[in-house]
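1. fold the stuff below for me.
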Amino acid sequence: MSLEQDEYDVFGDASVVIKSAPGHSPGHQVLVLDLASSGRIMLAGDLYHYPQERTLRRQPPATEFSVEQSAASRAMIEDYLRRTGTEIWIEHDFVANAKLKKAPGYYD
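-> Numbers count the residues shown, from 1 in each chain. This is a model prediction of the structure:
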């Protein structure tokens with residue numbers, strides 16, 4: 001997969017990519033992992049706080065550094081997820097997080 005302008009390939013093999021997603025904070029980023037068995041996973045940071053913000057297409061909260069940048073980053077990330085088939089993990093999604101493997105389990 002080719003890199004986009006807003007990405008940094010940590011190891012040069014696209015297995016770990018940092019992607020710019022400003023708005024929550026000026027330099028907010030998300031992390032995309034391409035794991036051999038688990039596939040592509042994005043760790044969303046604070047791009048979204050709850051999955052309902054995605055499903056109901058809610059505006060970012062007024063407490064964001066920049067609501068406009070957050071909204072633009074969300075639209076860009078949603079497009080990226082569709083194009084690449086990447087799964088998104090929302091760290092504040094307690095229900096989804098409860099289902100994730102915990103140590104000593106792992107994703108590879």
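2. which one's the longest strand in the chain?
-> What stands out as the longest strand in the chain, according to DSSP state E, is strand 29-35.
3. which helices and strands does that strand pack with?
-> With contacts taken as 3 or more Cβ pairs under 8 Å, 6 or more residues apart in numbering; DSSP states H and E, strand 29-35 sits against strand 16-20, strand 39-43. All C-beta atoms are positioned from the backbone trio N, CA, C, and that covers glycine.
4. from Glu87, how far out is the spatially most central residue of the chain?
-> Nearest to the geometric centre of the chain sits Ala44, at 2.9 Å (Cα atoms, centre = their mean). Taking Cβ to Cβ, to the nearest Å as the measure, Ala44 falls 10 Å from Glu87.
5. what do you get for Ala103?
-> 20 Å.
6. between those two, which has more neighbouring residues?
-> Between Ala103 and Glu87, Glu87 has the larger neighbour count (other Cβ atoms under 10 Å), namely 12 against 5.
7. so how far is Thr86 from the nearest residue to the more buried one once chain neighbours are set aside?
-> Using Cβ to Cβ, 6 or more residues apart in numbering and skipping residues adjacent in sequence, the residue nearest Glu87 is Ile41, 5.2 Å away. Ile41 sits 7 Å away from Thr86, going by Cβ to Cβ.
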